[in-house]
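In: here's a sequence, model it:
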Amino acid sequence: MNYSDFGTKFTQLNGITQLMEDLGNAKKSNNPNIVMLGGGNPAQVPEVNDVFITELQALIATNKVSPLFGLYDGPSGNDEFRSALANQLSSYYTWDISADNIALGNGSQANFFILFNLFAGLMPNGSHKKILFPLAPEYVGYADQGLSADMFVAIKPDIEILATPNGSKQFKYLIDFNAVKQTLANDSSIAALCVSRPTNPTGNVITDAEVAQLDALATQYNIPLIIDNAYGDPFPGCIYTEANLSWNSNIILCMSLSKLGLPGLRTGIVVANKAIIQAIGRVNGSMVLSPNSVGPSLVTRLIKNDALLPLCHNVVLPFYRHKAQVAITLFNEIFADMNVYLHKVEGAFFMWLWFKDAKITSEILYQQLKAKHVYIIPGHNFFIGIDDNWAHKHQCIRINYATDAATLRKGLETIKHLMA
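Out: Numbering: from 1, shown residues only. Model prediction:
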């Protein structure tokens, strides 16, 4: 088959498609022995599921299902949801926003495809622009979003080995601001900064001061700061350290309903200045006509009745915080006699393991684990824009701990056996 440049690029196997194909094949197999620690699927939280079922039943009882299924929304998404969310964010954070500052998309992946290609790639004047990740590793799904080649630049992190009270072997990635500043000063092709918070894959939460410093640098160079807030506040609120949410007209804040427990409804949210929201709406109109209505319709009443944030604070956050504590306890027990480090768990629901003395690469480990029906993600896929010859890049793996403790233990013990 002769494909275009677009077709050639987006049909080749890459980190995210390999992951999704492997997870899909594993799901189809119905193998009861599969240990699923890969992917970003949230846990099924019973109390949250009950709330969503109740909301769906209310839509049916009030005859709101027919317009939900049978009518297009506008290209920026469901107006009632956008207004309700804008009112909540304005009230909760005292931001000066309206529905015109919010656009929806069919999942965060689709929104990032639009955002990255709005700002970077081949420009009308013939120049080539890039997105800068100030802290690597970053979300694997960013890697192949660009329509143009060589669209991403990343900064190697500083690595701090942490002193913990119980002797747990932990570390933390820190932003090398000197390298960020040097890159911005010397590379005029940088069109935007992008960071996830909490960071996927490590669970890192950059501090408020670091956010402010990145925002100041973005403003200085007249480029936007994109913050991927899929796991952050106000929903689902999976942050286990002190952190506050910031927004201004130069910040593009990306949110999602997926990690609330609605990944199948594909609802991504962008909060930005009105010009960017208008641009996203026009791209949506060309690509998909209008975003999915089901997710927004399901949670609009929860927002209007001030029920969504208490659900996050009182149910979702404690649920995942407990999962994090279980994961840390299991790590400390299982890897006590190995030179393995866990990135400090500050948010989201991932364990990021660094095997300092690894004799095999994370990709080889991934393949060996897959043969044993254990699924993780090899770490090298997350170091977008980082030289392949950096050994650390091939010594890390990401594990989703949003499963039950027995499954997580089985997976971690299998990993230990292969890495011993």
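
In: list the contacts for the closest residue to residue 234 other than its chain neighbours?
Out: Spatial nearest neighbour of residue 234, excluding adjacent residues (C-beta to C-beta, 6 or more residues apart in numbering): residue 309 at 5.4 Å. Just so you know, the C-beta spots here come from the backbone N, C-alpha and C atoms, and that holds for glycine as well. Residue 309 makes contact with 88, 92, 234-235, 237, according to C-beta atoms under 8 Å, 6 or more residues apart in numbering.

In: buried residues in the helix or strand encompassing residue 309?
Out: Secondary structure from DSSP states H and E places residue 309 in helix 308-311. Residues of helix 308-311 classed as buried: 308-309, 311 (neighbour count, 16 or more other C-beta atoms under 10 Å).

In: report the mean per-residue pLDDT for that helix.
Out: What helix 308-311 shows for mean pLDDT is 96.

In: same deal with stretch 283-297?
Out: 93.

In: what's next to it, contact-wise?
Out: By C-beta under 8 Å, 6+ apart, stretch 283-297 touches 59, 64, 68-69, 71-78, 80-82, 103-106, 110, 114, 118, 257, 262, 265-267.

In: which other helices and strands contact the helix or strand of the chain with the lowest mean pLDDT?
Out: For the chain, counting by mean pLDDT, DSSP states H and E, helix 15-29 ranks last in confidence among helices and strands (a mean of 71). With contacts taken as 3 or more C-beta pairs under 8 Å, 6 or more residues apart in numbering; DSSP states H and E, helix 15-29 sits against strand 374-375.

In: about what we covered before: distance of the residue nearest to residue 234 from residue 229?
Out: 14 Å (C-beta to C-beta, to the nearest Å).

In: ranges for the strands of the stretch 101-250 of the chain?
Out: 102-105, 121-122, 128-133, 152-154, 158-162, 170-174, 190-196, 225-228 (DSSP state E, counting those that start in this stretch).

In: got the contact list for the first one?
Out: In other words, strand 102-105. 73, 76-78, 81-82, 85-86, 111, 114, 267-272, 277, 280-281, 284, 291-292, 296.

In: run the last query once more with 6 Å
Out: Strand 102-105 has contacts (C-beta atoms under 6 Å, 6 or more residues apart in numbering) with 76-77, 82, 85-86, 111, 268-271, 277, 280-281, 291.

In: please apply the same query to the second one.
Out: Around strand 121-122, the neighbours that count as contacts under C-beta under 6 Å, 6+ apart are 147-148, 151.

In: hmm, 7 Å instead?
Out: Residues outside strand 121-122 that contact it (C-beta atoms under 7 Å, 6 or more residues apart in numbering): 128-129, 146-148, 151.

In: put together JSON lines for the residues you listed, with neighbour count and pLDDT on each row.
Out: As requested, those are exported to JSON lines (neighbours: other C-beta atoms under 10 Å; pLDDT from 0 to 100):
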{"residue": "128", "neighbour count": "14", "pLDDT": "96"}
{"residue": "129", "neighbour count": "18", "pLDDT": "97"}
{"residue": "146", "neighbour count": "18", "pLDDT": "90"}
{"residue": "147", "neighbour count": "15", "pLDDT": "91"}
{"residue": "148", "neighbour count": "16", "pLDDT": "88"}
{"residue": "151", "neighbour count": "25", "pLDDT": "94"}
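
In: no more questions from me, cheers.
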